[in-house]
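Chemist: Here is a sequence together with a model predicted from it:
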Amino acid sequence: MAIRKRPDHAPEEMLEANRRQLEQLANACGEEAGLHRPLAEVVGGAITGIPEDTDLAQALSDRQTTDRLVQLLDENREQVERALERVREGAYGICEACGHRIPAARLKFQPSATRCVECQSHWDRLNGRTA
Ligand SMILES: [Zn+2]
């Protein structure tokens, strides 16, 4: 796995790259083409909520799973766009729910995070999403 240089100093650039990647993946899901690599390899950590060993081609054979994948891609892209908004507002790295600083380790692992772990898990429960 490649180690990105200075991830904490260029969140916008990284988030834009993530967004483009997610858009491409959403398109690819619709086309069902060229998806014979393991999903984790294809997305390179740009998406969360899919087990790392998920094989996208196999997943696409199941219509329901495909719908879920597209939904996850949309959710992730929304989250990335939200994080980009926070960057523009100068509030990147600040939890939008409680206003505390999001730990650097969390941002490194999940650059599109706009809430701290506690607020995110609370939000996930409220919205019926499982982390
Ligand atoms: Zn919080």
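Modeler: In hand now; what should we look at?

Chemist: how far away is Arg20 from Cys29?
Modeler: 15 Å (C-beta to C-beta, to the nearest Å). Every residue, glycine included, has its C-beta placed from N, CA and C.

Chemist: Looking at the two, which has the bigger crowd around it?
Modeler: Neighbours around Arg20 and Cys29, counted as other C-beta atoms under 10 Å, are more numerous at Cys29. The numbers are 20 against 13.

Chemist: Look up the pLDDT of that one for me, please.
Modeler: In the prediction, the pLDDT value recorded for Cys29 is 70.

Chemist: Helix or strand: which one has it?
Modeler: Assigning secondary structure by DSSP states H and E places Cys29 in helix 11-31.

Chemist: So what's the residue count around Leu69?
Modeler: Here the number of neighbours of Leu69 (other C-beta under 10 Å) works out to 23.

Chemist: Distance of it relative to the ion?
Modeler: Taking C-beta to the ion, to the nearest Å as the criterion, Leu69 is separated from the ion by 28 Å.

Chemist: Now tell me which helix or strand of the chain has the poorest mean pLDDT.
Modeler: Lowest on mean pLDDT, DSSP states H and E among the helices and strands of the chain sits helix 39-43, with a mean of 53.

Chemist: max-length helix in this protein?
Modeler: Residue-count comparison of every helix in the chain, with assignments taken from DSSP state H, identifies helix 63-88 as the longest.

Chemist: buried sites along that helix?
Modeler: 66, 69, 72-73, 75-77, 79-81, 83-84, 86-87 (16 or more other C-beta atoms under 10 Å).

Chemist: The helix or strand following it close to the ion?
Modeler: Toward the C-terminal end, the helix or strand that comes next after helix 63-88 (DSSP H and E) is helix 104-109. No. With C-beta under 5 Å from the ion as the measure, helix 104-109 is seen stopping short of the ion, the closest distance being 10.6 Å.

Chemist: Any residues of this structure in contact with the ion? List them.
Modeler: Counting by C-beta under 5 Å from the ion, the chain comes close to the ion at 95, 97-98, 116, 119.

Chemist: farthest-separated two in those residues?
Modeler: Ala97 and Cys116 (7.5 Å; C-beta to C-beta).
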